[in-house]
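# Fold the following, please.
(one chain, ligands or ions: 1)
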Amino acid sequence: MIPFQPILNSLKSYEAGKPIELVVREFGIDPHQVIKLGSNENPFGCAQPVVEAVQKAASTMSYYPDDSYLDLKTALGERFGVTPDRIIPGNGSDQVLDFACRCVLGPGDPILINRITFAMYKIYALQCGAKVHSTETVPHDLNAFLDLTKSVRPKIIFLCTPSNPVGDALDKSDVYEFLRRIPQDTLVVIDAAYMEFGNKKDPNKFIPAKEVTDLFPNVFYTGTFSKVYGLGGMRIGYGIGNKELISNLYKMRPPFSVANLSALAATTALQNESHVESYLENNLNEMKRYESFAQEEQIEFMNSYANFITLFARKNGKTSTEIAQSLLRQGIILRDLKSYELGALRITIGRPDQNDRVLDALRREFA
Ligand SMILES: *Cc1c(COP(=O)(O)O)cnc(C)c1O
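Residues are numbered from 1 along each chain as shown. All right, here's what the predicted structure looks like:
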């Protein structure tokens, strides 16, 4: 027997969103007919110049990347108004979240997360042997975070705003008030994977990376190219913090952790903001169609500041799993939030043509 670490008994592998390939394999549906709205990707894809830049540079894949990632960090630095030494790129923002856990957590160390939140915080913390504490409400409640901070003394607090998988978001002023009351030696991770969407819907939800990390050196701000920039398949994200934090995170980093074509794609994406802007516009407008649908059908939902909406299945109707499975057979991939025990479905807001089909299918399920 291989002497596996006892920690592994308490760990589960992450359940990723379903891929198009699965629908093709299981139901024989033409991949072009599949609607993939289960993983919060940009339904318009990335900007065309990004595709062209990657195509043109394709043969550079034989070389290792520029491990300084200076082009990317300079572009991100300009975007956020910070110097490159305050940025760490990662193989998805997932990777920088993992670095943060491994830099701070040892066996038995407490962390604090929201009851309903991105599943990886817990998984990375458990991998370090940490003890996970969580609040009790579905949306973030900063008073509960504050109380629990006093009693459990977490080494890391994770705030996801706007939050996956329900879409609630915190006001900047409330977050700053909270940060003023948190011990300086508690690392607060602000996962801003959906910040662009939150800002579009309500600028009060916008937390500027430079300002928050200047004011609060114990904040680590993370972002991703997987969502609004349409680069999920390239696996690239970043973290922003003070220099000391970033240089420590760097010690956890494997060499060349971001592929060169991914870094190029991200750098190019930052130069094509109009694509992002029209996507944000679409997201806001199409979200309203789902909200109207839910209101008409009296389906419970939460106001979402992200690029998805979470609908709660009716207690006396079909379960979220039955609905998700039925839509899957029709070639529509949504996210069943079964593992969160909410009886809810998370639907990424798609293109108008996709939403037509999804809303028709949902209407039949909830009828
Ligand atoms: C998608 C997502 C991420 C990370 O995505 P990467 O693809 O690893 O960059 C992080 N946090 C939240 C809340 C997400 O939804």
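
# in the protein, which residue is closest to the centre?
A centroid search over the chain (CA atoms, centre = their mean) returns A193, at 4.3 Å, as the residue closest to the centre.

# Tell me which residues touch the residue lying closest to that one once chain neighbours are set aside, please.
For A193, the nearest residue in space outside its immediate sequence neighbours is T224; the separation is 4.9 Å by CB to CB, 6 or more residues apart in numbering. Just so you know, the C-beta spots here come from the backbone N, C-alpha and C atoms, and that holds for glycine as well. The contact partners of T224, taken as CB atoms under 8 Å, 6 or more residues apart in numbering, are 92-93, 193, 236-238.

# Helices - which of these land there?
Using DSSP state H, S93 are the members of the contacts of T224 that sit in helices.

# Considering the contacts of T224, which possesses the most neighbours?
The member of those surrounded by the most neighbours (other CB atoms under 10 Å) is I236, with 30 neighbours in all.

# So what's the gap between stretch 318-333 and the chain middle?
Relative to the mean C-alpha coordinate of its chain, stretch 318-333 is positioned 23 Å out (CA atoms, centre = their mean, to the nearest Å).

# Next, the residue nearest to A193: phi, psi?
As for T224, its main-chain torsions (degrees, to the nearest 10) stand at phi -140, psi 150.

# just the strands in the chain please.
Assigned by DSSP state E, the strands in the chain fall at 35-36, 87-90, 110-113, 131-134, 156-160, 187-191, 219-224, 237-240, 308-312, 332-333, 335-336, 344-348.

# picking that back up, can you tell me which residues contact the residue nearest to the centre of the chain?
Per CB under 8 Å, 6+ apart, neighbours of A193: 93, 118, 160, 164, 222-224, 226-227, 237.

# so which of these also contact the ligand?
For the ligand, the contacts drawn from these by CB under 6 Å from any ligand atom are 93, 118, 160, 164, 224, 226-227, 237.

# Look through the protein and state the residue closest to the ligand.
In the chain, the residue found nearest to the ligand is G92; the distance is 2.5 Å by CB to the nearest ligand atom.

# shouldn't that residue be in contact with R235?
Yes. The pair G92 and R235 qualifies as a contact (CB atoms under 8 Å) at a distance of 4.7 Å.

# Could you tell me which residues touch both of these two?
Residues touching both G92 and R235 (CB under 8 Å, 6+ apart) are S226.

# would you list every one of the helices in the protein?
Using DSSP H, helices in the chain cover 20-27, 48-56, 70-80, 93-104, 120-127, 142-152, 172-180, 195-201, 209-215, 243-250, 260-270, 273-296, 320-329, 352-366.

# Quick check: buried residues in the first one?
Of the residues in helix 20-27, those scored as buried under the neighbour-count criterion (16 or more other CB atoms under 10 Å) are 20, 23.

# What of stretch 112-125?
Of the residues in stretch 112-125, those with enough neighbours to count as buried (16+ other CB under 10 Å) are 112-114, 116-125.

# Run through who's touching that stretch.
For stretch 112-125, the external contacting residues (CB under 8 Å, 6+ apart) are 11-12, 14-15, 94, 97-98, 101-102, 105, 111, 132-138, 140, 145, 148-149, 152, 154, 156-160, 163-166, 189, 191, 193, 339-340, 342.
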